[in-house]
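[1] let's see this in three dimensions:
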Amino acid sequence: MAKSLRSVTMVELFYDLIFTYAVGRMAQTLALPVNGRIAPSIIGEFLMMLLVFWVIWTYQTVLTNQFTHPQWLHNLFTLFNMFWVIVLSTAITPDLAKTKWSLQLSTAVLFLSLASEYSLIWRKNHATLAKISGLTLATGSVTALVSLFLKPYTLSFVIFFVAIIGAGLMPSLVWRPNRVPLTNLAHLSERYSLLVLLIFGESIIGVADTVYTDLSLPAALFFLVVMLLFVGYQLVYDNGLNRRQKSGGLAVIHLHYPLMAAILSLSTLIHLWLGHLLDPQWFAFAITLTLAVYYFSLIGYLSAYPIKRIDIGFKRWFYLGFSLLIFGVYSLMTSVMPLPFLLGLTAYLLANTLYLWQFILHPNEPTY
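    Below is the predicted model:
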């Protein structure tokens with residue numbers, strides 16, 4: 001099996017832009033609070049739709065990371081998939097039953113397209129990963145197609161959901177930790193970092209909408225909050241990851257799903273709250289939980305591939321949990337007051353960023 005040692009191509013970046021547009025559209029469309037809260041069913045639909053996009057993007061990225069493939073043929077498959085990602089994005093509505101055909105059919109087509117590309121690779125070099133991935137995606141495609149014709153809609157949705165979960169978990173279930181094919185970790189982490197960068201850019205749309213509605217200090221702090229979250233991720237990527245480590249890359253893949261969900265959710269929640277569309281106490285709980293998902297996923301990512309000097313022992317995890325607890329109490333006390341809350345949130349994120357830099361990424365260097 002030949003691994004891809006090439007850099008990211010313009011076609012892949014273009015695909016990422018379309019993918020990010022679809023994911024951003026999903027976050028905005030599904031954020032419809034009722035009586036000051038976002039219903040659990042809406043949150044579940046958001047997470048499920050994000051899982052669909054994440055599975056599709058991940059299989060395509062792993063393919064380019066693990067295998068050499070004629071560039072012209074890969075570009076044709078990618079361009080074909082771009083169109084169906086756009087079709088899939090049109091299915092994103094609060095009522096997925098109304099867009100059942102476009103959602104499940106486009107997912108089935110995308111799975112089948114990726115399965116076809118993996119099968120071409122398997123016929124060429126008989127790589128086990130290509131065989132397993134191709135069979136998994138082909139099975140998921142058939143299952144998604146079958147789900148189209150099932151009634152009632154609840155049964156159809158459950159079968160479709162099983163197809164997505166199966167495709168997402170199969171590589172982890174099949175490969176034992178000591179037998180996962182080694183990835184080009186530098187390329188894989190770069191692909192995910194570029195995707196996260198684009199998703200942060202998409203989250204800025206919430207800031208832009210807030211600024212358009214009310215150019216104020218809270219809007220400026222909202223922008224600063226997003227920037228501090230981005231800086232934290234970038235610090236980990238640039239200063240903490242050992243991208244030469246021999247690894248199967250499963251932590252890179254699986255930890256970026258909660259990271260992406262948290263980034264999109266944070267921006268959406270703050271935008272809705274500043275628009276007085278969320279109950280303050282519900283918002284305080286939701287924002288604290290989302291920050292917990294973001295930071296624990298980020299530090300988990302760092303702990304999976306650390307360079308030698310990194311310090312991520314018990315003290316660091318304790319700080320993370322304890323500081324979140326303090327912020328959660330503060331948010332409950334100030335969530336009815338936008339300016340104090342955002343000032344506190346900004347201070348909390350700034351403290352985390354400085355702590356990450358000084359005590360985790362550079363623990364043995366003197367403080368000036």
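
[2] next secondary structure element downstream of the helix or strand containing residue 272?
    Element membership for residue 272, per DSSP states H and E: helix 250-274. Using DSSP H and E, the helix or strand that follows helix 250-274 in sequence is helix 280-304.

[3] next, the buried residues of that following helix.
    Buried residues in helix 280-304, counting neighbours by 16 or more other C-beta atoms under 10 Å, are found at 280, 282-288, 290-304. For every residue, glycine as well, the C-beta is placed using N, CA and C.

[4] right, and the helix or strand after that helix?
    helix 314-334.

[5] next, the angle from that following helix to helix 280-304.
    Orientation check (axes from the mean of the first three to the mean of the last three C-alpha atoms, to 10 degrees): helix 314-334 against helix 280-304 gives 160 degrees.

[6] for the stretch 1-150 of the chain, which residues score under the pLDDT cut-off?
    By pLDDT under 70, the weakly predicted segments of the stretch 1-150 of the chain are 1-7, 30.

[7] the strands in it, which residues?
    Using DSSP state E, counting those that start in this stretch, no strands are found in the stretch 1-150 of the chain.

[8] show me where it has helices.
    Using DSSP state H, counting those that start in this stretch, the helices found in the stretch 1-150 of the chain span residues 10-30, 40-66, 71-89, 100-125, 128-148.

[9] and residue 313, which of these is closest to it?
    helix 40-66 (30.5 Å; C-beta to C-beta).

[10] helices or strands up against the closest one?
    helix 10-30, helix 71-89, helix 100-125, helix 128-148, helix 153-174, helix 185-213, helix 250-274 (3 or more C-beta pairs under 8 Å, 6 or more residues apart in numbering; DSSP states H and E).

[11] with respect to residue 56, which of those lies nearest?
    helix 100-125 (5.2 Å).

[12] what comes up buried for the closest one?
    Of the residues in helix 100-125, those buried (16+ other C-beta under 10 Å) are 100, 102-115, 117-122.

[13] using PDB, write down the CA coordinates of stretch 185-200.
    C-alpha atoms of stretch 185-200 as PDB (Å, rounded to 0.1, in the frame of the first residue of the first chain):
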ATOM      1  CA  LEU A 185       0.100  11.900  10.100                       C
ATOM      2  CA  ALA A 186       1.500  15.200   8.800                       C
ATOM      3  CA  HIS A 187      -0.800  15.200   5.800                       C
ATOM      4  CA  LEU A 188      -3.900  14.000   7.800                       C
ATOM      5  CA  SER A 189      -3.500  16.600  10.600                       C
ATOM      6  CA  GLU A 190      -2.900  19.300   7.900                       C
ATOM      7  CA  ARG A 191      -6.100  18.400   6.200                       C
ATOM      8  CA  TYR A 192      -8.100  18.500   9.400                       C
ATOM      9  CA  SER A 193      -6.500  21.800  10.500                       C
ATOM     10  CA  LEU A 194      -7.400  23.400   7.200                       C
ATOM     11  CA  LEU A 195     -11.000  22.200   7.600                       C
ATOM     12  CA  VAL A 196     -11.100  23.600  11.100                       C
ATOM     13  CA  LEU A 197      -9.800  26.900   9.800                       C
ATOM     14  CA  LEU A 198     -12.600  27.000   7.300                       C
ATOM     15  CA  ILE A 199     -15.200  26.100   9.900                       C
ATOM     16  CA  PHE A 200     -13.900  28.900  12.200                       C
END
